[in-house]
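Student: mind looking at a prediction? Sequence and model below.
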Amino acid sequence: MKNPGNASTSRKSAYKSFISFVVIVGIVFLLPTLFLRSTKKEPFDTTAVNTLVEHNPDYVFIGNSFLDTRIDAEYLEQLLETEKVSILFKGGELSAHWYLRLKNQVIESGVKPKTVFIFFDDLKLTMPTARTTGSYKKRLEVLSHDKEETLEEVISKNLTRSEKLERKLDQIYPVQSARKSIERYIASISLIPTMPGDLAFLISKFAGVFSHKRVSLEMQKANNTKWSGFQSKVNGVFDIANQKKSNLQNFTPEGEKEDYDFANNYADSFLPVMIELAKENNVRLAFVRIQNRPDLNGNIHQSNELKKYVADLKDYILKNGCLYHDFTGDSSITRDMYLDGSHIEISHRKEYTKIFLEKFPEAFE
Amino acid sequence: MIFHSMAFIVFLIVVLAVYWLLKRPAQNIFLLIASYYFYGYVHPWFLILIIISTLSAYFSGIFMDRMPDRKKFFLILSLVVNLGLLGVFKYFGFFVENISFIFQSLGLQTYTMALSILLPVGISFYTFQTLSYSIDLYFDRLSPRKNLLDFALFVSFFPQLVAGPIERASNLLPQIEKERTLTPDDARDAFFLILWGFFKKQVIADNVAITCNNIFQLEAPTFALLWTGVFAFTIQIYADFSAYTDIARGSAKLLGFNIVQNFNHPYLSKSPSEFWRRWHMSLSYWIRDYIYIPLGGSRGGHGRKLFNLIFTFFLCGLWHGASWNFVIWGVYHGVLIELHRISKNIVPERISKIKALQIPKVVFTFLLVVIGWLFFREQDFAYIIKYLSINPFKTTASELQVASYLFCHTLIYSLPLWAHAEYTYKIGPWLSAPENKTIMVILRTVFAIMMFIGILTMRSLFTTDFIYFQF
């Protein structure tokens, strides 16, 4: 005969287990939200605007590290003699950032440059969501006012479903600052065996974290120099010249197949937005396509899809009254000038600047 | 559909929600449909192959039962169909290439047909499952299944379909054929297992993969850099593959199934033989039961024993891929096991069991396994030769620094794996006592929170398919 007491006890036990399971899952997913800082927007940085106003440049350059390693602003000013130059860049920035710099820095500053140059590589002008998450999102915030409707509209139009979900998760679990810190700590610890002399610095840095003491600026600067020196070593080891030949031959630019379809991509990108903005504010835009490093035989590899894309892009830019110059295939920019696959060696920056001025004179008229 | 994607999470939630509203046989039918949807998500035509494999094994079994005097014929039929599928879709290009090479070496002209065949995901796994069913039937270890839908589910069960574990019919079919239950304890264990799997894949495997891939893209890495890359691959492949297994086992558990364990801390092995009792266990036991033992195993003269061992590992290597580097890797492990056997005859057991020697044995075995991974990772034979002839003393201070940094970086990411091993062996047995259940739950919850935060903050932004998907 069944004992009703046993059945009741068994049901209670199952019920308790079920509740404890739900509680555990809830704790695991909800507790992190207590640790992670809220997503407060970074305030708009007025430094660049103030600098532009003060400098009142005749020419402004917008880009990323590809630009920074190519154009020496001071040297260009010497070559131009009486005209002034400003460079607005940060490493890794792409079209969303360029759009904001054009809008919130150049145009809002009120300066009236003769030409605004935008340096880009390959497909980046029509990849609006590239580098708009993670730490790059913070950079977007620094370049944005509180409301940026056009920015949000262009980005939202181009997000896939899973990217939208990722962004939602980023809002619930804002981990970017934590992620950056953790990456730095892991890198710092990994460096200990290679830089034992800096062990004291690293220990004081960790101690600083827990006791909220600040490490002296001198030590920070010294460490930054050593870290950037080490990064150069890493870049040197993995330089494109050291890659397997099969990798070099098969080198293709970033992007999926659909990214090469200019006709279907340009309308929803920041490209028409920037062109329209420039027209409304009487700013002449000049788009400059950089050349990636030639191979050992001095050749540049471009797929047929890329060539078609670039031809369509050039056509569109010129039809909209902007200037365009493509350095791809320019024999005066030789392989030995390159630091890696895309950046120019700093020691060749002046040389590149001179070549740029010589090859693109119409932008300086 | 890949496990570490939003699509899979949504899929799993929907499947669970509907599945537990149903009762058998509707549950099995629904699960079969879900499994086919899962498998055909990227390439629907792959379903044709899995259905062919399923039907061939199923009907072979039916006919073996009805015509016992023709059992051998139907076994051979099942073998031919399944090995044929494997041969065409996985090894055709490899065979053509090698035969062509031989002909050309003999000065004969060849006309090779370049056939671009897409390798169906999971084919090596589910064909081995159907093969083991047919073989077990032949030897009367199983009774033939009459329910086609249940059998089809055994072949296509989605948690373990694309990268194992390779399930035996004797384990999975009875579970398919009976009612399943899900207790809150099972659900909790499954949840922890899946979370640990995601952590291993997204935090450990995908992060060390960056180091490994960058180093293996170098034309001429230095000795230190190369072996740093191999070490990174050692961590990557274990974290990646065991992650898949954990997610598979956790998902199966949520559906009320227990599928076999595939890994048991293989890098803590004290010998090459032990490594194969801990690494990809479902495959190693498969090749033991269906290749090594039928060949004669460790019976017979020394020459025969050696042949059985090396040939088995030759096939094991070939199973992993249609490329000579995998064969070399397999044979390398066969040779290691043979050398271990010889050493057992030389070194008295009482010396081998000395406590102080246990850690050195683990370290030495680990180093041997790491060396083997070089053959597995580098598919170009010319580069393997080049790498093995690198002068260990020819390096620059920069390269040594970079190698040291990357080695430490990889070591840091591998720490959770070693910690998990410590937990399993030192703390786990104590915690599994019934009186310590509450402490166990609390501790595992704390670990789960840490893993979840780890996934959020440390997951690699660069992710790839699971390595074993290519097999």
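Tutor: Cool, the structure landed. Just so we're clear, the structure is a prediction, and the values are computed from it rather than from any experiment. Numbering: from 1, shown residues only, chains lettered A, B, ... in the order given.
Student: how many other residues sit next to the residue of the stretch 101-250 of chain B found nearest chain A?
Tutor: Closest contact between the stretch 101-250 of chain B and chain A, by CB to the nearest CB, is at B:Pro184 (3.5 Å). In short, each C-beta sits where N, CA and C put it, glycine included. For B:Pro184, the count of nearby residues is 18 (other CB atoms under 10 Å in any protein chain shown).
Student: can you report phi and psi for it?
Tutor: phi -60, psi -30 (degrees, to the nearest 10).
Student: would you agree it is in contact with A:Val23?
Tutor: No: taking CB atoms under 8 Å as the definition, B:Pro184 is not a contact partner of A:Val23, at 10.6 Å.
Student: what sits against the residue of the stretch 101-250 of chain B closest to chain A?
Tutor: Residues near B:Pro184 by CB atoms under 8 Å, 6 or more residues apart in numbering or on different chains: A:Ala14, A:Ser17, A:Phe18, A:Ser20, A:Phe21.
Student: wait, a strand at A:Val116?
Tutor: Yes: counting by DSSP: H, G, I helix; E, B strand; the rest coil, A:Val116 falls inside a strand.
Student: the longest helix along chain B near chain A anywhere?
Tutor: Ordering each helix of chain B by length in residues (DSSP state H) puts helix B:223-254 first. Yes: shown here: helix B:223-254 in contact with chain A (CB under 8 Å from any CB of the partner chain) through B:Leu225.
Student: what's the next helix or strand after that helix packed up against?
Tutor: The first helix or strand that comes after helix B:223-254 along the chain, using DSSP states H and E, is helix B:272-278. Helix B:272-278 sits against helix B:324-346, helix B:358-377, with contacts defined as 3 or more CB pairs under 8 Å, 6 or more residues apart in numbering or on different chains; DSSP states H and E.
Student: in chain A, what residue comes closest to chain B?
Tutor: Closest point on chain A to chain B, by CB to the nearest CB, is A:Ser17, at 3.5 Å.
Student: look up the closest residue to B:Ile166, ignoring the ones flanking it.
Tutor: Nearest residue to B:Ile166, sequence neighbours excluded (CB to CB, 6 or more residues apart in numbering or on different chains): B:Ser282, at 4.2 Å.
Student: in which helix or strand does that neighbour reside?
Tutor: Here B:Ser282 is assigned to helix B:281-287, by DSSP H and E.
Student: please point out which parts of that helix sit buried.
Tutor: Buried residues in helix B:281-287, counted by 16 or more other CB atoms under 10 Å in any protein chain shown: B:Met281, B:Ser282, B:Leu283, B:Ser284, B:Tyr285, B:Trp286, B:Ile287.
Student: ok, then the element right after the top helix by length along chain A?
Tutor: Counting by DSSP H, the longest helix found in chain A is helix A:4-30. Later in the chain than helix A:4-30, the nearest helix or strand by DSSP H and E is helix A:32-35.
Student: now do the worst-scoring helix or strand of chain B on mean pLDDT: distance to the chain's middle.
Tutor: Least confident helix or strand of chain B, by mean pLDDT, DSSP states H and E, is helix B:92-105 with a mean of 76. How far helix B:92-105 lies from its chain's middle: 28 Å, per CA atoms, centre = their mean, to the nearest Å.
Student: and if you look at stretch B:13-22?
Tutor: Distance of stretch B:13-22 from its chain centroid, counting by CA atoms, centre = their mean, is 28 Å.
Student: how much space between the one residue in the stretch 251-400 of chain B that gets nearest to chain A and A:Phe356?
Tutor: Residue nearest to chain A within the stretch 251-400 of chain B: B:Ser398 (4.6 Å; CB to the nearest CB). Applying CB to CB, to the nearest Å, one obtains 32 Å for the distance of B:Ser398 from A:Phe356.
Student: check A:Asn292 too.
Tutor: Counting by CB to CB - A:Asn292 and A:Phe356 are separated by 16 Å.
Student: the two: which is more packed in?
Tutor: A:Phe356 (24 against 21).
Student: quick one: residues contacting that one.
Tutor: Contacts of A:Phe356 by CB under 8 Å, 6+ apart are A:Arg70, A:Ile71, A:Leu76, A:Val288.
Student: please identify the helix or strand for it.
Tutor: Using DSSP H and E, A:Phe356 sits in helix A:349-359.
Student: how about A:Ile62?
Tutor: Element membership of A:Ile62 [criterion: DSSP H and E] is strand A:59-63.
Student: how about a markdown table for the helices and strands packed on helix B:272-278, with mean pLDDT added?
Tutor: Output for those, formatted as a markdown table (pLDDT from 0 to 100):
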| stretch | mean pLDDT |
| --- | --- |
| helix B:324-346 | 94 |
| helix B:358-377 | 96 |
